[in-house]
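Peer 1: Sequence isn't available, so here's the structure alone:
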DNA sequence: ACTTTACTCAACCAATTAGTTGACTATAAT
DNA sequence: ATTATAGTCAACTAATTGGTTGAGTAAAGT
């Protein structure tokens, strides 16, 4: 795992560790939205939402396009995929015991 | 999504946003380890690693068992699963365009 | 031309984070 | 009994985070 890949995971997980930002991601999954659109549901200033959006943008999770006086945001999936890929390595820790054992034995077997 | 589920995701993503803590998770996937075991590879004090471990423990990602004068740590998968479940909702954003379209249409269809 | 809208920017604040050190406690080994 | 090991705790520091406000800019509507 390269230093950049590490930094990308840092940024992705950090960006997603905030409920407001996750809500933004959820909203953007339904389609493109402007900053004002995104800010409306939240009980905080536009500046605050703008900052959250910047965090998401810096992490590569959203793409912000300037169009006239509005900013149009789209969700980008690549970093999410990388996060899932990393987490998936630990899949055996949440599947049920029997499966975990089976997997463990299969792994041992394949390593002989 | 309940407030507690939100807080759990906050804690999980936040815990995983640090490289040292992800390295600890990776290490623990290979099996139980003591705090000293975990601390050895890192260029930081035992206290610092202990704090990282506490973050992971608070997030429910690791289980710490006091045994004599050592602390034995095990990985717990449930929070990781919840994180993956959340992220998986946005799967359509990283699979290729055709699949994304197919999924979108299938969803529209299922909602009729 | 004027006003409203959609934002950005800078400055500030309080809380949290990631690290340190030094002193301490409890268990195990000699 | 003494010493070494494993870890905690409290206090401190520097940087980051999540929010605010007020002022400014650029585009669009009237």
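Peer 2: Yep, that arrived. Keep in mind it's a predicted model, so treat the numbers as computed, not measured. Numbering: from 1, shown residues only, chains lettered A, B, ... in the order given.
Peer 1: Local confidence estimate at the residue nearest to residue A:83 when sequence neighbours are not counted?
Peer 2: If the residues on either side of it in the chain are set aside, residue A:83 comes closest to residue A:12, at 4.9 Å by CB to CB, 6 or more residues apart in numbering or on different chains. Every C-beta, even on glycine, is put in place using the N, C-alpha and C of the backbone. The predicted local confidence for residue A:12 comes out at a pLDDT of 98.
Peer 1: was I right about residue A:12 contacting residue A:58?
Peer 2: No: taking CB atoms under 8 Å as the contact criterion, residue A:12 and residue A:58 are not neighbours in contact, 10.5 Å apart.
Peer 1: out of these two, which sits in the busier spot?
Peer 2: residue A:12 (26 against 12; other CB atoms under 10 Å in any protein chain shown).
Peer 1: Quick check: that one is in a strand.
Peer 2: No: when DSSP: H, G, I helix; E, B strand; the rest coil is applied, residue A:12 is found to be helix, with no strand at that position.
Peer 1: mind checking the SS state of residue A:72?
Peer 2: Per three-state DSSP, the local secondary structure of residue A:72 is strand.
Peer 1: For the residue of chain A found nearest DNA strand D, give its distance to residue A:34.
Peer 2: When CB to the nearest atom of the strand is the measure, chain A has its nearest residue to DNA strand D at residue A:68, with 2.6 Å between them. Distance from residue A:68 to residue A:34, counting by CB to CB, to the nearest Å: 10 Å.
Peer 1: ok, these two, which is more surrounded?
Peer 2: A direct count of neighbours by other CB under 10 Å for residue A:68 and residue A:34 places residue A:34 higher, at 16 against 6.
Peer 1: secondary structure element for the residue positioned nearest the centre of chain A?
Peer 2: For chain A, the residue nearest the mean C-alpha position is residue A:80 (4.3 Å; CA atoms, centre = their mean). When secondary structure is defined using DSSP states H and E, the element that contains residue A:80 is helix A:78-88.
Peer 1: what helices or strands is that helix leaning on?
Peer 2: Other helices and strands packing on helix A:78-88, by 3 or more CB pairs under 8 Å, 6 or more residues apart in numbering or on different chains; DSSP states H and E, are helix A:3-16, helix B:78-88.
Peer 1: go again using 10 Å as the cut-off
Peer 2: Helices and strands in packing contact with helix A:78-88 are listed as helix A:3-16, helix B:3-16, helix B:19-29, helix B:78-88; criterion 3 or more CB pairs under 10 Å, 6 or more residues apart in numbering or on different chains; DSSP states H and E.
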